[in-house]
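Novice: just coords:
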Ligand SMILES: Nc1ncnc2c1ncn2[C@@H]1O[C@H](COP(=O)(O)OP(=O)(O)OP(=O)(O)O)[C@@H](O)[C@H]1O
Ligand SMILES: Nc1ncnc2c1ncn2[C@@H]1O[C@H](COP(=O)(O)OP(=O)(O)OP(=O)(O)O)[C@@H](O)[C@H]1O
Ligand SMILES: [Mg+2]
Ligand SMILES: [Mg+2]
């Protein structure tokens, strides 16, 4: 039953959660030195599977073999001993520790309990160099790094374990294209040395680029085991995952009416040290994208427009009325809604039921004299859940237990429910599966069609270029180019960024 | 917005959804506490028999619970909103002193009894306002800001009262609080009404919803348009108001205002709130749990008094019972991540 | 989509980002506290002149700080690891009583002074062990578990001591603690050594780094292969050990073991730790800050006494100063998210 | 005994001199069983610990007394509910050392109305009808005695520095003691130059005293309100190596008396504030309930007010008081 040369074999893995059947008999086998991709829609059970493999969850049933021997992975320590290192989907770093300390967390180099920080720093510096990030100092506290920086630390940690199998759960979600390229270079290096990789991503073109074989999960079951990448078309993969055969496309849209009024106008915004002199205008029904590299300050621009940061200079108008600077409440009241970049820490009440997250900005509407009419509230939430095709479609489920893509949909649902003049999206499809991605695009486009202004940031250039009417290219806190999206391509954007940074 | 809705008849889903996955009901969540309380009552019954089961005895338990109960209800709001208030005991003392001094010295003579109550509540709310502003706008950690308030309010109370107990001589005040409408003392009614209003406020209003949101994730609430800082201030004002009201109740119970009133009530109140199942990190609060927590502690004290246990042994038993009550509560509430502090 | 060659040297971009926001170093982080302390000293100097600047006076301040300092150092570990320990004061009392009773009654006669110290530390560590197990394995919230320990330890101390002060008559013990190596009293040396060891433990060892990891992100620590529960127990044992040692120091300072020793030390210790800049939610701890926090409080007491200020006025001023010190500390430490409780 | 230097006169029990226990006294015979409820503040300092221990021990000596001890508490709310519980319970008598006399008056009145004998100990009610018997120490008198003794010691040195280490400053009894002290000092033209307050505990006394000694480089006399905190005060004095002053204690613990007797300490005198008050309260409650009288008096009823005497103990008369001193 163990396939040829398989390093790892998992058979019939079952994992139940209270109220959810995350894995329902999953099979997987991974060979040494290959990049094995695991695909599946949001909530298919990919993360749960790798958590079982990593010893973070105990399966209800199923066997795991390594090198043909049955093993019991009872704890994260056991998995690490077996040579399995994992980069989790939720960033699993400790903010209060330095980069080097995070890399060696759990297997510190020490003499008689005293940390050999010099040795750890040297090793970390080597690892970071290998990952192409010499500029990150091993002594920096991780809390000061961006999400991408944290992902790199997480990667360095996995490498430092000298593992035989490295599991990567959506590592590219927070990386930009260059960083993904570096990641792939490293992946090729380690696989050449015989290390196996399990790679999870929702970006199918990445799978095509780096993957050797693919296992596809659907609703907690395996629908394809170890099919070779070259012999499988993208369309086939999508069919396997979703049961439908549509590739995600940017739905064709009518051009914005030339006489459409400006909905959002920002003049000369700047936050000292982060970005300067940003001016934007978005007309009704227009989608405006900000393109740039990770760390260029796009998130801060969005936050400032939404009042979450106080601008050093500059003002923002919505429908001609100025927003009170530094007040999210006034922005929300004027119809500006922000779907933040870090949905767990900035967006969601993780321990509250789904419906309360959907109505977080609008629950006052379901109240009379301050008293909530929960039935009406739930009914409204239910409408959104159905419209968003949330899975599972249960308004009372604790939000923490939903998969990442579904959590993102909840955030969209919040602003759909609130109803907004300006929707501001920071990385709206991060960690979202192909099916849901297409749905999100459709939602955004349909929203624009009703006259809403949309401002979007995405690190995936094809996405931001494909979706937007107008593109602003941001480099190092400055807008270096503004123009219609169809007149520019990815290479041009990167050239502009390079010029902007050099300037 | 509503352009994409209704692919499914909405009514269907709601009914389905709400029925199948409702969060554990309030009873289930508080089952552990109810069991703990019943066990305690059984112990009281076995060890003290009719003396425990007597109706008057229950009134005694309730009367004792009422003052600390009102304080704990206020504390529930602050803790649910992600804060903590160490100053409740001192503020109780300060408002009792302020109100009684006003009544006995400043105004003297004919003071309407409501003025006493009103003064106490106002003083409490003012203290809460100061703490709240320090925390929400001054960004001082709640623990420290209210610790400072605790120290300062106690000192102010001592200065105002000159460390003497002020005997309140406003007969209508005493008459009101010593009457027993429907067989229960007024103090108990006040507690019950405050608890009921708090329950409605926390569970049925937008204010309560905001409190849970702010306590659960302040940043997400802010980005969703909630005025987090103003709301935080409001929570401390509520807590201060409750402490002030409790100060007036304390005057009613003791006939005096004193700077020593309410000492260590912060610990009692926090303990009752946490035993009740409110998360100390915020984001989840239960008034029913708090009330049960308060009742557990006051029943415990009552049983101790009825039985002749040595004072020191009482302490040890009390420690053990606190742990057991929390274990029971947690077992039934079945919350994830309850091991965090 | 990553078929692009690196058009921009990536080094440039990220370097910008990481450099711009480096946290200020340890000194800068404690600068606010140092300033607060210096301001206090200046106040002391202006109001009490030579009496404040006297060398003996500084020794007085240090001696006063030493006992609570050792407790606070232990508390720093627990809080950094994401917990809290309310039982430190009671455990201090219990270990002082246990050690002195052992020395005066059980063993009597010839007891080596180290036995006294050892007993106190062992009793403290044992209490910490019980709390730690309740918290880590019993999943009782830390606040409640240690509250129960606080109540129970005080009761046990009263039973053991029969509520009397046990005068310790072990001359070598007193001699040791009353000597002044290099001009500083032994008690102060003990404090300094404990603080130094704690600094090394927290900042330079695997154990310390894991403490920060556990406090900052328990789940990530577990996934990284750290035995979070065992580590948590160890933290409470350390805190208990420090309380026990402080109990022995208290005997040295007062010549007696008493069940009343250490009352309300939990608040003082937590205040010193938090004023020092350790995050109450865990994940960041500073021994230097804690030591400065303790010194601020003891200097404050000293200045009050030198100026013959009434206790009530002291309270009010103290409240204000706590807030100012924390504001200064936060201003310089410049931590994000410090408004959470 | 718990001190190792000198064995105290009796193991454990506190000796009695008011009514019960002694041989030959007709009141010692057992009568009908008396249920007595006892409530006092928390034993958070030595004197209060001695009070409760003495009460418990003394009650155990009577076969006809059933004592119900309530948890010691500094929360008047809790103490009121303890008394209410006793009332519901139908005890025969309540011995009450209130945390705050005025605050407990109303509930004591209710107990009296319910026919329960209330014995008020130490901290006085604001209404004399609230207790059948009141056993009082003399806090003001204590201050006066200490002040007078210090006046004698410093003589007519007008510049003498007098310091005071008070107990818990927010208690009325501390206010009374300080008042008596400064009144007596005024008689001889002295004032309190430095005043600090501790909290009746050893550790508090030590901390307050070390700062006080620093604040006042030259002192002529110190009055320390409480001998339990006095242990800490002496430790601080020893650590500072100071001995230029005389110190007067308060309450009268056995340790302090032994030091006074030994004569080689700065402590020269202490003013007694008996820790047997509650024990006496229990003895009196029993007599009232059993309708007996104080055997040595002609009066057939137990008196309404027993105010204990606050004598000054010095090296001359210490032997007389040592046997009844409390072990702090
Ligand atoms: N702790 C939990 N409690 C309850 N249900 C859970 C828990 N963790 C995951 N689930 C459920 O298990 C299913 C699988 O989730 P999982 O996170 O493995 O999906 P995924 O394939 O990784 O999705 P994504 O691509 O969005 O990351 C989901 O329906 C999710 O709601
Ligand atoms: N909380 C923070 N603390 C310190 N520095 C920060 C913080 N947030 C952002 N930065 C810095 O601000 C700059 C802009 O970062 P930001 O993440 O907004 O860029 P971005 O273009 O939005 O990238 P991404 O696509 O990853 O969100 C970076 O240099 C980043 O390191
Ligand atoms: Mg996942
Ligand atoms: Mg960003």
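Specialist: Okay, I see it. Because the structure is predicted, anything quoted here is derived from the model rather than measured. Numbering: from 1, shown residues only, chains lettered A, B, ... in the order given. Ligands and ions are numbered 1, 2, ... in the order given.
Novice: From now on I want contacts and neighbour counts done on CA atoms only, so please keep to that.
Specialist: Fine.
Novice: Can you report how many residues lie near the residue of the stretch 51-200 of chain B found nearest chain D?
Specialist: Residue nearest to chain D within the stretch 51-200 of chain B: residue B:163 (5.2 Å; C-alpha to the nearest C-alpha). Neighbour count of residue B:163, defined by other C-alpha atoms under 10 Å in any protein chain shown: 21.
Novice: Report the spatially closest residue to it, excluding sequence-adjacent ones.
Specialist: Spatial nearest neighbour of residue B:163, chain neighbours left out: residue D:170 (5.2 Å); criterion: C-alpha to C-alpha, 6 or more residues apart in numbering or on different chains.
Novice: Ok, residue B:331 next?
Specialist: Spatial nearest neighbour of residue B:331, excluding adjacent residues (C-alpha to C-alpha, 6+ apart): residue B:32 at 6.9 Å.
Novice: Could you list every helix and strand in contact with the helix or strand where the one you found lies?
Specialist: Under the criterion of DSSP states H and E, residue B:32 resides in helix B:26-48. Applying 3 or more C-alpha pairs under 8 Å, 6 or more residues apart in numbering or on different chains; DSSP states H and E, one finds that helix B:26-48 makes contact with helix B:50-53, helix B:287-306, helix B:311-333.
Novice: Buried residues of the longest one, list them for me.
Specialist: Neighbour counts over helix B:311-333 (16 or more other C-alpha atoms under 10 Å in any protein chain shown) mark B:311-330, B:332-333 as buried.
Novice: That helix versus helix B:26-48: what angle between them?
Specialist: Angle, helix B:311-333 to helix B:26-48, by axes from the mean of the first three to the mean of the last three C-alpha atoms, to 10 degrees: 150 degrees.
Novice: What's the separation between the one residue in the stretch 1-150 of chain A that gets nearest to chain C and residue A:138?
Specialist: Relative to chain C, the nearest point of the stretch 1-150 of chain A is residue A:114 (4.1 Å; C-alpha to the nearest C-alpha). Applying C-alpha to C-alpha, to the nearest Å, the value for residue A:114 to residue A:138 is 18 Å.
Novice: One more: residue B:276?
Specialist: Taking C-alpha to C-alpha, one finds residue B:276 at 45 Å from residue A:138.
Novice: Show me what counts as buried in the helix holding residue B:32.
Specialist: Neighbour-count burial for helix B:26-48 flags B:29-34, B:36-37, B:40-41, B:44-45, B:48 (criterion: 16+ other C-alpha under 10 Å).
Novice: Would you check the residues you listed and say which has the weakest pLDDT?
Specialist: Lowest in pLDDT among those is residue B:29, which has 74.
Novice: Please look at that one and residue B:332 and confirm they touch.
Specialist: Yes - Residue B:29 is within contact range of residue B:332, at 6.0 Å (criterion: C-alpha atoms under 8 Å).
Novice: so residue A:224 sits in a strand?
Specialist: Yes - checked against DSSP: H, G, I helix; E, B strand; the rest coil, residue A:224 lies within a strand.
Novice: Could you count how many residues lie near the residue in chain D that ligand 2 sits nearest to?
Specialist: At 44.4 Å from ligand 2, residue D:207 is the closest residue in chain D, using C-alpha to the nearest ligand atom. Look at residue D:207: counted by other C-alpha under 10 Å, it has 28 neighbours.
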